[in-house]
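Novice: quick one: sequence plus predicted model below, questions after.
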Amino acid sequence: MARILIAEDSDTEVAFLNEILQTTPHELTFARDGLEAEASAQQDDYDVIILDVIMPGKNGFKVCRNLKNDPVKQKTPIILLTSKSETSDRYWGMKQGANAYISKPYNPSALLEEIDRQLAS
(Lines give C-alpha, C1' and ligand atoms only; values in the text may rest on other atoms or scores of the structure.)
Protein backbone atom coordinates (compact mmCIF):
# COMPACT_ATOMS: atom_id res chain seq x y z
CA MET A 1 0.00 0.00 0.00
CA ALA A 2 1.30 3.41 -0.96
CA ARG A 3 0.47 6.79 0.49
CA ILE A 4 -0.65 9.19 -2.23
CA LEU A 5 -1.20 12.93 -1.89
CA ILE A 6 -3.61 14.36 -4.45
CA ALA A 7 -3.85 18.13 -4.90
CA GLU A 8 -7.00 19.06 -6.81
CA ASP A 9 -9.42 21.97 -6.36
CA SER A 10 -12.31 20.65 -8.50
CA ASP A 11 -14.98 18.69 -6.60
CA THR A 12 -15.83 16.79 -9.78
CA GLU A 13 -12.22 15.78 -10.37
CA VAL A 14 -11.75 14.80 -6.70
CA ALA A 15 -14.79 12.50 -6.97
CA PHE A 16 -13.48 11.02 -10.23
CA LEU A 17 -10.00 10.41 -8.80
CA ASN A 18 -11.49 8.90 -5.66
CA GLU A 19 -13.61 6.56 -7.80
CA ILE A 20 -10.58 5.49 -9.87
CA LEU A 21 -8.28 4.96 -6.91
CA GLN A 22 -10.75 3.33 -4.52
CA THR A 23 -10.10 0.06 -6.36
CA THR A 24 -6.46 0.21 -5.24
CA PRO A 25 -5.05 -0.52 -1.78
CA HIS A 26 -3.48 2.95 -1.61
CA GLU A 27 -4.11 5.43 1.18
CA LEU A 28 -5.28 8.74 -0.29
CA THR A 29 -4.91 12.24 1.14
CA PHE A 30 -6.54 15.16 -0.66
CA ALA A 31 -5.43 18.79 -0.64
CA ARG A 32 -7.69 21.47 -2.12
CA ASP A 33 -5.07 24.04 -3.14
CA GLY A 34 -1.37 24.41 -3.71
CA LEU A 35 -0.57 25.83 -0.29
CA GLU A 36 -2.32 22.95 1.47
CA ALA A 37 -0.62 20.44 -0.83
CA GLU A 38 2.85 21.80 -0.18
CA ALA A 39 2.27 21.95 3.58
CA SER A 40 0.97 18.38 3.63
CA ALA A 41 3.91 17.15 1.53
CA GLN A 42 6.36 18.85 3.90
CA GLN A 43 4.62 17.49 6.98
CA ASP A 44 4.14 13.85 5.94
CA ASP A 45 5.86 11.27 3.77
CA TYR A 46 4.09 10.23 0.58
CA ASP A 47 5.06 7.62 -1.97
CA VAL A 48 3.57 9.60 -4.87
CA ILE A 49 2.19 13.13 -5.21
CA ILE A 50 -0.38 13.99 -7.88
CA LEU A 51 -0.69 17.72 -8.56
CA ASP A 52 -3.16 19.70 -10.59
CA VAL A 53 -1.43 22.73 -12.11
CA ILE A 54 -4.18 25.35 -11.96
CA MET A 55 -5.03 25.68 -8.27
CA PRO A 56 -5.64 28.52 -5.86
CA GLY A 57 -2.92 29.64 -3.48
CA LYS A 58 0.04 28.23 -5.37
CA ASN A 59 0.00 26.49 -8.73
CA GLY A 60 1.20 22.94 -9.23
CA PHE A 61 4.32 24.03 -11.12
CA LYS A 62 5.50 26.03 -8.08
CA VAL A 63 4.64 23.26 -5.63
CA CYS A 64 6.51 20.75 -7.79
CA ARG A 65 9.56 23.00 -8.09
CA ASN A 66 9.63 23.70 -4.35
CA LEU A 67 9.39 20.02 -3.44
CA LYS A 68 12.02 18.98 -5.98
CA ASN A 69 14.39 21.65 -4.57
CA ASP A 70 13.94 20.25 -1.04
CA PRO A 71 16.70 17.71 -0.29
CA VAL A 72 14.33 15.70 1.93
CA LYS A 73 11.40 15.57 -0.53
CA GLN A 74 13.11 15.70 -3.92
CA LYS A 75 12.99 11.93 -4.52
CA THR A 76 9.21 11.73 -4.07
CA PRO A 77 7.67 11.08 -7.50
CA ILE A 78 5.35 13.83 -8.71
CA ILE A 79 2.73 13.37 -11.40
CA LEU A 80 1.27 16.56 -12.85
CA LEU A 81 -2.36 15.90 -13.82
CA THR A 82 -3.71 18.95 -15.59
CA SER A 83 -5.90 20.46 -18.28
CA LYS A 84 -2.85 22.37 -19.55
CA SER A 85 -2.08 20.25 -22.59
CA GLU A 86 0.19 22.37 -24.75
CA THR A 87 3.67 21.07 -25.54
CA SER A 88 5.14 24.10 -23.78
CA ASP A 89 3.13 23.30 -20.62
CA ARG A 90 4.41 19.71 -20.62
CA TYR A 91 7.97 20.96 -21.18
CA TRP A 92 7.67 23.47 -18.33
CA GLY A 93 6.20 20.88 -15.99
CA MET A 94 9.03 18.47 -16.64
CA LYS A 95 11.56 21.32 -16.17
CA GLN A 96 10.06 21.89 -12.70
CA GLY A 97 11.03 18.32 -11.84
CA ALA A 98 7.82 16.38 -12.49
CA ASN A 99 8.34 12.67 -13.02
CA ALA A 100 5.29 12.44 -15.30
CA TYR A 101 2.79 14.73 -16.98
CA ILE A 102 -0.75 13.62 -17.79
CA SER A 103 -3.20 15.89 -19.60
CA LYS A 104 -6.92 15.96 -18.87
CA PRO A 105 -9.07 14.36 -20.06
CA TYR A 106 -7.20 11.15 -19.41
CA ASN A 107 -7.83 7.45 -19.44
CA PRO A 108 -8.13 6.15 -15.85
CA SER A 109 -5.99 3.12 -16.69
CA ALA A 110 -3.21 5.44 -17.90
CA LEU A 111 -3.18 7.16 -14.51
CA LEU A 112 -3.13 3.84 -12.65
CA GLU A 113 -0.28 2.61 -14.87
CA GLU A 114 1.70 5.79 -14.23
CA ILE A 115 1.20 5.49 -10.48
CA ASP A 116 2.43 1.90 -10.63
CA ARG A 117 5.41 2.96 -12.76
CA GLN A 118 6.38 5.66 -10.27
CA LEU A 119 6.01 3.30 -7.30
CA ALA A 120 8.22 0.72 -9.02
CA SER A 121 11.05 3.17 -9.71
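Specialist: Nice, thanks for sending it over. Numbering: from 1, shown residues only.
Novice: not counting its neighbours along the chain, what's nearest Gln118?
Specialist: Computed as Cβ to Cβ, 6 or more residues apart in numbering, the closest residue to Gln118 that is not its neighbour in sequence is Pro77, at 3.8 Å. (Glycine included, C-beta is placed from N, CA and C.)
Novice: tell me the SS of the residue most central in space within the chain?
Specialist: Nearest to the mean C-alpha position of the chain, counting by Cα atoms, centre = their mean, stands Ile50 at 1.2 Å. With DSSP: H, G, I helix; E, B strand; the rest coil as the basis, the three-state label of Ile50 is strand.
Novice: contacts for the helix ranked longest in the chain next, please.
Specialist: If you go by DSSP state H, the chain has its longest helix at helix 108-120. Helix 108-120 is touched from outside by 2, 4, 20-21, 24, 26, 47-48, 50, 77, 79, 81, 99-100, 102, with contacts defined as Cβ atoms under 8 Å, 6 or more residues apart in numbering.
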